[in-house]
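Chemist: got a sequence here, can you model it:
(chains A and B)
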Amino acid sequence: MRILIAKPGLDGHDRGAKVIARALRDAGMEVIYTGLRQTPEMIAAAALQEDVDAVGLSILSGAHNTLLPRVVALLRQNGLGDVPVFAGGIIPDEDIPGLKAAGIAAVFGPGTPLAEIVQFIRDHTPPRHS
Amino acid sequence: MRMIGDQPHRPMPYSPPPATPIPTLTKRDLARLITGIENGDASALRTLHAWYGRSGRARIVGVTGAPGSGKSTLVTALTKLARSRGRTVAIVSVDPSSPFSGGAILGDRIRMRELFEDEGVFIRSMANRGAPGGIARATADVVAVLDAAGYELIFVETVGAGQAEVEVARVAETVVVVEAPGLGDDIQAIKAGILEIADILVVNKADREGAERTASALQAALDLGAPSAGATGGHHGPGSLRRAAANADGGGWRVPVLKTIATEGSGVEAVLDAIERHGQHLEQGAGVQRRARRIEHEVTTRLRDLLLQQALQQIAPARYHALVEACIARELHPDDAARALLDDLSRGQDQAPIR
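Modeler: Presented below is the predicted three-dimensional model:
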């Protein structure tokens, strides 16, 4: 299973993203880690070329309401509408319904057990067809 | 063009590929095809085989070297320059899989961010899935489809272990070895076998202390080991990868030692020029023999994998485990166990007694 972990926006804190990347690796997944300050366009381009099964976005800058729906929209535009997008970081509870309506599959707040995230990915990625 | 083997992990009866032209590919299609090849999916492999005849046109450049030597940054700088010269570029970047979980963190894209949105660039990260030698088993096939899809220049960046990554010569026709000052003494440079596969040597981070010393140590090692054409011409067969790859492919190519500061783009032009020059050198005849040996190696490797797979299917698991147990108890040398299994196979299954 191939997962893209990216950090959209301008904040420089990638510890959370790295913790997730390691947890997914330890769960046997191949994690494409693209690092800090990614634009939604860069994330969508990477997801396309890397043919990932899911996209995880870590964001702490407060710009989630604009950036996250933009990533989902670009993925759909690229024919990747079936690739689930999950998010983590500092996202206020009241923003979650809006993000879900915009197509974000799940939002994991600080302190979410890593096993829960791994299980979520396993449950929500579409099966591969050859 | 025919291939003897299939992907090693998925046996499939061979049927000649239909001569279908390659349709216009979207990056999405290409990305999915690559995943299929990595996973040994039958339909992806059929496509690969059908397209194989279209490959062989790209310039394929392997980039190898120690971790932290700046391979990804150099590949990024080379790609930007090649794009400005109007060429399309694909990058296959290999990172190691965890031997414990089988998972991997593929992080080379971090240094390639400037290239993400370029329509003329395709970047694919690959986990090596436990294969030795710095690349993955499927890397050669992934490169073949990128080649067939029309990318003109393909970089294959190996796992950055820095030693014994000679398998990249199985895929690439030009090998760039990247060194950086302060990563090891001169002996490191000569012992690893990595100099033998270098067509171009790059000392990156040339603004650092010791760059000059590293460059002259490499130059000295090259002068010391400059092989004659005769030393590399005599061997054939499965063991000949290194000779197949060795830089003395009939002579006439002097391995340049070039200094770069990839982060600033300085010296990168000379590297791309050397890559182009090496390509012309290969076209003038030196490449023919080299390509033939490389493809021969490809066939033997796949034959070996298929034979092993076939053998393991025919051997009774109980018999196999009994022999392994005997080795664990030191009653038998592993070589005797292997030969006993081979005897079983040639006798058609009736089990010979141990010894």
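
Chemist: what's the neighbour count on the residue in the stretch 201-350 of chain B positioned nearest to chain A?
Modeler: Nearest to chain A in the stretch 201-350 of chain B, going by Cβ to the nearest Cβ, is residue B:263, at a distance of 15.3 Å. The C-beta positions use only the backbone N, C-alpha and C, and glycine is treated the same way. Other residues near residue B:263 number 15, with proximity taken as other Cβ atoms under 10 Å in any protein chain shown.

Chemist: tell me which element residue B:44 is part of?
Modeler: helix B:42-51 (DSSP states H and E).

Chemist: that helix close to chain A?
Modeler: Yes - contact between helix B:42-51 and chain A, assessed by Cβ under 8 Å from any Cβ of the partner chain, occurs at B:42-44.

Chemist: which among those end up buried?
Modeler: The neighbour count (16 or more other Cβ atoms under 10 Å in any protein chain shown) marks residue B:44 as buried among the residues of helix B:42-51 next to chain A.

Chemist: any chance of the residues of helix B:42-51 next to chain A in a markdown table, plus distance to residue A:36?
Modeler: As requested, the residues of helix B:42-51 next to chain A are exported to a markdown table (distance: Cβ to Cβ, whole Å):
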| residue | distance to residue A:36 |
| --- | --- |
| B:42 | 40 |
| B:43 | 38 |
| B:44 | 34 |
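
Chemist: give me the below-cutoff pLDDT ranges for the chain.
Modeler: Defaulting to chain A. Scanning chain A for pLDDT under 70 picks out the ranges A:129-130.

Chemist: look at chain B instead
Modeler: Using pLDDT under 70, chain B drops low at B:1-24, B:160-164, B:184-192, B:225-251, B:349-355.

Chemist: continuing past the helix holding residue B:44, what's the next helix or strand?
Modeler: strand B:59-65.

Chemist: list the helices and strands that next one packs on?
Modeler: Judged by 3 or more Cβ pairs under 8 Å, 6 or more residues apart in numbering or on different chains; DSSP states H and E, strand B:59-65 is in contact with helix B:71-84, strand B:153-157, strand B:174-179, helix B:268-281.

Chemist: the same query, at a cut-off of 10 Å, please.
Modeler: Applying 3 or more Cβ pairs under 10 Å, 6 or more residues apart in numbering or on different chains; DSSP states H and E, one finds that strand B:59-65 contacts helix B:71-84, strand B:89-95, helix B:139-148, strand B:153-157, strand B:174-179, strand B:200-203, helix B:268-281.

Chemist: rewinding a little: and the residues of helix B:42-51 next to chain A, which is closest to chain A?
Modeler: residue B:43 (5.0 Å).

Chemist: CA-only coordinates of the helix ranked longest in chain A in CSV, if you can.
Modeler: Longest helix in chain A, counting residues (DSSP state H): helix A:64-77. Only the C-alpha atoms of helix A:64-77 are listed here, as CSV (Å, rounded to 0.1, in the frame of the first residue of the first chain):
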residue,chain,number,x,y,z
HIS,A,64,-7.0,24.1,6.7
ASN,A,65,-10.4,25.4,5.6
THR,A,66,-8.9,26.6,2.3
LEU,A,67,-6.1,24.2,1.7
LEU,A,68,-7.6,20.9,2.4
PRO,A,69,-10.7,21.2,0.2
ARG,A,70,-8.4,22.5,-2.5
VAL,A,71,-6.4,19.3,-2.4
VAL,A,72,-9.5,17.2,-2.6
ALA,A,73,-10.8,19.2,-5.6
LEU,A,74,-7.5,18.9,-7.4
LEU,A,75,-7.4,15.1,-6.8
ARG,A,76,-10.9,14.8,-8.2
GLN,A,77,-9.8,16.9,-11.2
